[in-house]
Each structure stands twice: as C-alpha cells, then as structure tokens.
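Trainee: any chance you can model this:
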Amino acid sequence: MKKGLTLMLSASLLLTAAGCGGTGGNTAQKPADTVAGGSKEPVKLRIAWWGGQARHDYTLKVIELYQQKNPNVKIEAEYAAFDDYWKKLAPQAAANDMPDIIQMDLSYLSQYGGRNQLEDLRPYTKNNTIDVSAVSPNTLSTGELNGNLYQITLGVNALSTTVDPELVKKAGATMPSKDWTWDDMEALGKQLKSSGKLLADYLRYEVFFNYYLRTVDQKLYAADGASLGYTDDKPFIDYYKRYQRMYDAGYFLTLDKLAQKKSTPEDDEMVLGNSFGSFSWSNQYVAWTAAAKRPTELIPIPGPNVKKGLFLKASMGFSVTKNSKQKEEAAKFINFFVNDIEANQIIKGERGVPISSKVKEALKPTLKPEEAKVFDYVAWAESNSSPSDPPNPVGSVEVEKLLKDLSEQILYKKITVEDAAVKFRKDANAILAKNKK
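Mentor: Numbering: from 1, shown residues only. Now for the predicted structure:
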C-alpha cells in the first residue's frame, strides 16, 4: 500500500481570489459570523480525503473555486492512499483533532458515527444549508446510522471490471459478455496465463466475498450487526476453493508482489499492460483508463446471479466531525461539492455518479466517452441489482482484517480452506458480539 503520501497544504499554497458571491450551491442560510460593515469573519477549514493523484489534483481545483467564491474561507487539505488515510485518522480521532470534513467510507461509518465522532447532518438538510431536493431518499439514506445522517454521499457506483480488450484479443481469447460467470473467468484466466498475462492483481477479499455471498442469498453481516449473516460455511468454502485454485494457477499477482503495490491507478497490472482487467468500483474507471492511456471497456463482474449480488453503493461521502468548530461552514462546503454545477464540471463523477439529478443532467452533454461509460454502466446497474446492505456494523473493520489475514494464510497454504471457514465464523462472531455490547 502507499506509504507516507499524506500531505498538508499550508494556506499560502492554496490560491484564493478576492470577490463576492455565494457558494454556487443552493445554500439558504446566511453566515452567522459577521463584522461591522457586513464582511465575513475569516474561517479556516481542514478537509481530508483518500485517493490517487488525479483525485488530489481536481479536489484542489474545487477547493480553489470555493475559496474564490468565499474569500473569507481558507481550506487546508490532507490526502493519502486509502490505508494510510485511516491510519492517520485514528490517532486524530483519539486526540479529538480530526479535520472539519472527512471523506467517509461505509465500512467505517459505524466505527466513527457509533462513537459519536460525527455530526448529524440532518438539521443542515432541513434548513437547506445542504440542499438535497434533487437527491433521492434511497441515496440519502445510505449515510444514515441509528437514525442520524452521518454522511452525505458524494456519488453512487457499482462493482465492475475495467478491461483491456486489446490484451484479450492478443491472447486469442474472447471478450466476456455481460452475463459471464465464475467458470468463464477461470477459463479466461487459463487462456491469459498461456500468453503470459494475468487476470488481475487480485480480488479484494471483503468486497468480493460479500458480493459472492449475496449471489447465493446470504449476507456478510446479520441485520442487527451482532454476528455474521450466515451460519453455513459452504459459501466460504466454495468461494475460497476457487480463489485458491486460480491463485495457484498463476492467474493473480503473487502475494509478495501484491504487498509492494500502492493501490493507485498507475501501479495496477491492467494499467501496466500485464493483466486482463481491474476488478473495482465503477467510479475508478476514469482514473484507471487515464492512467492506461489506451482504450478500455467497462463490464460487470462475474455471475451467475449478478442481479442478486450487485448493488448500488455510496462510493464515499463527506462527514463533518464532532470536534469541528466550523460545522456550518463545513456543511456549506459539502453543499457546494454536491450541488454546484461548475464544481461538478471539474469533478465529473470521479467519486461516483453524482447524487443530484440536476447535476447529473447538466453534466451529460459535457462528458468524455470514458466518463459517459461510467454513467451508462451505473444506469444499467440500477436495473440489474438488488438493494444494498445496511452500513457495516461496529467491529467490521476488525472482521475485514481477520478475513484478509485468513485469505492470505489460505493462499500461503498455512491453513486449509475448511479450517479457515470455521475460524473466520467463530472469531468474526466474537468480534461483532463484543462490539455490540
């Protein structure tokens, strides 16, 4: 994973411009702090996110645009690769010193929201500081936990495969159809291997095991979050027997090489021309294609029962932290990010297809072909998916680490799939039960 990429930008490095005007969104509430003469009090915000260089670059442009429209606001930015982001956020949370706005993943919503470290944003939606009039209730509800709205989703996406069609052709194979299966995937891996190519870096363990469970009418977590959502180990065994077989056959990157990866588009084996595709979320397609600098395609992940397994996911959201002293201004920035047309012409759905129907319609005529593919794919997924699961329960981060560790032990032949299935269910249930108390 990427190491030490976190960067703090001082206010002097952020471009600002004097001027007047609002946020460009639909903020109805006036700023609370003013001085004689009507000028706004200086405000400093900190904002943090994870992602690759492309996301970093355009987010800074959006910040710059906000500052131009709100010259009293100075924003400090902190960014990192995914794993490093959470490693830095944890001690900040312990010290009650998190940034005002943090990018949030549903895997962590229960951890931070459940510990009263996030602000309930519903009051800001009710007074129109954050305008959600063009956002569907189902999309908005993805940020809910225990009756509170702890994040505003920035976009929706679905699991997908970014494919290098030319590599498939050179390998003498056929491009998969939308209804391809795990058996098709394994057969393709064999063809690719004969020409010295891989299927992919790997399949992210907690993401694709959860998807597989859904395809066989099971869930990773129980509705009450106190245990796993299944009691029969057969799905675990079936999934990991196949994964182990494909790994042993050389269809995925070896674990020692995978450990050196930075999880950025530029470091992906598909981008480097060494694999068929990259199995990830649809919002990553543009960045992966830009890094590849050659034509790619966007197709579903394998089935059968894709419609059962596939779901629309909040790609990520913005949350306001409880320790923030500028909660209203933080809410205004989120509103700007979600609703401002000019800002979204910069973002162009990289964090997922926009949640505002007005923004989505405004962007469609301006999209590049690869951006349009993402919008079209998500539209297809809307008709070929099932309702998403509730936010992961408290303890899920620990459960996912357990799954990752056991997955690697399986591939290293340190534990059998059968024994790993029993251990995962036993230890995961204990983790979830402990956190539910």
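Trainee: all strands of the stretch 301-437 of the chain, in order?
Mentor: For the stretch 301-437 of the chain, the strands defined by DSSP state E, counting those that start in this stretch occupy 313-320.
Trainee: can you give me the helices in it?
Mentor: 306-309, 327-339, 341-347, 357-363, 369-383, 396-411, 417-436 (DSSP state H, counting those that start in this stretch).
Trainee: most tightly packed of these?
Mentor: Counting by mean count of other Cβ atoms under 10 Å, helix 327-339 has the highest mean neighbour count of these, with a mean of 24. The way it works is simple: take the backbone N, C-alpha and C, and place the C-beta from them, glycine included.
Trainee: okay, the angle between it and strand 313-320?
Mentor: Per axes from the mean of the first three to the mean of the last three Cα atoms, to 10 degrees, the angle that helix 327-339 makes with strand 313-320 is 150 degrees.
Trainee: wait, residue 158 touches residue 315, no?
Mentor: No: contact between residue 158 and residue 315 fails when scored by Cβ atoms under 8 Å: they sit 9.5 Å apart.
Trainee: overlap of the contact sets of the two?
Mentor: residue 281 (Cβ atoms under 8 Å, 6 or more residues apart in numbering).
Trainee: got a pLDDT number for residue 10?
Mentor: Looking at residue 10, its pLDDT is 34.
Trainee: could you list the low-confidence segments of the stretch 1-150 of the chain?
Mentor: 1-39 (pLDDT under 70).
Trainee: 50 instead?
Mentor: Residues of the stretch 1-150 of the chain meeting the criterion pLDDT under 50: 1-38.
Trainee: so which residues of it form helices?
Mentor: Using DSSP H, counting those that start in this stretch, the helices of the stretch 1-150 of the chain run over residues 53-69, 82-94, 106-113, 122-126, 137-140.
Trainee: indicate which one of those is closest to residue 207.
Mentor: For residue 207, the closest of the helices of the stretch 1-150 of the chain is helix 106-113, at 9.5 Å, according to Cβ to Cβ.
Trainee: residue 142 is in contact with residue 390, isn't it?
Mentor: No: contact criterion Cβ under 8 Å: residue 142 and residue 390 do not qualify, at 9.4 Å.
Trainee: more neighbours: those two, which one.
Mentor: residue 142 (22 against 18; other Cβ atoms under 10 Å).
Trainee: the most centrally placed residue in the chain and residue 156: what is the separation?
Mentor: With distances taken as Cα atoms, centre = their mean, the residue of the chain nearest its centroid is residue 315 (4.1 Å). Taking Cβ to Cβ, to the nearest Å as the measure, residue 315 falls 6 Å from residue 156.
Trainee: shared neighbours, those two?
Mentor: Shared contacts of residue 315 and residue 156 (Cβ under 8 Å, 6+ apart): residue 352.
Trainee: the stretch 101-250 of the chain: strands as residue ranges?
Mentor: Counting by DSSP E, counting those that start in this stretch, the strands of the stretch 101-250 of the chain are 101-104, 144-145, 148-149, 152-157, 159-163.
Trainee: would you turn the ones you listed into CSV with distance to residue 68?
Mentor: Putting these into CSV (distance: least, Cβ to Cβ, whole Å) gives the following:
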stretch, distance to residue 68
strand 101-104, 18
strand 144-145, 33
strand 148-149, 29
strand 152-157, 21
strand 159-163, 34
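Trainee: Serialize those to a markdown table and add fields for mean neighbour count and distance to residue 247.
Mentor: Output for those, formatted as a markdown table (neighbours: other Cβ atoms under 10 Å; distance: least, Cβ to Cβ, whole Å):
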| stretch | mean neighbour count | distance to residue 247 |
| --- | --- | --- |
| strand 101-104 | 26 | 32 |
| strand 144-145 | 20 | 36 |
| strand 148-149 | 20 | 41 |
| strand 152-157 | 26 | 27 |
| strand 159-163 | 25 | 18 |
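Trainee: and residue 379, which of those strands is closest to it?
Mentor: Nearest to residue 379, of all the strands of the stretch 101-250 of the chain, is strand 152-157, at 10.6 Å by Cβ to Cβ.
Trainee: still on that earlier bit, a markdown table for the helices of the stretch 1-150 of the chain, including mean neighbour count?
Mentor: What follows is those, written out as a markdown table (neighbours: other Cβ atoms under 10 Å):
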| stretch | mean neighbour count |
| --- | --- |
| helix 53-69 | 18 |
| helix 82-94 | 16 |
| helix 106-113 | 22 |
| helix 122-126 | 17 |
| helix 137-140 | 14 |
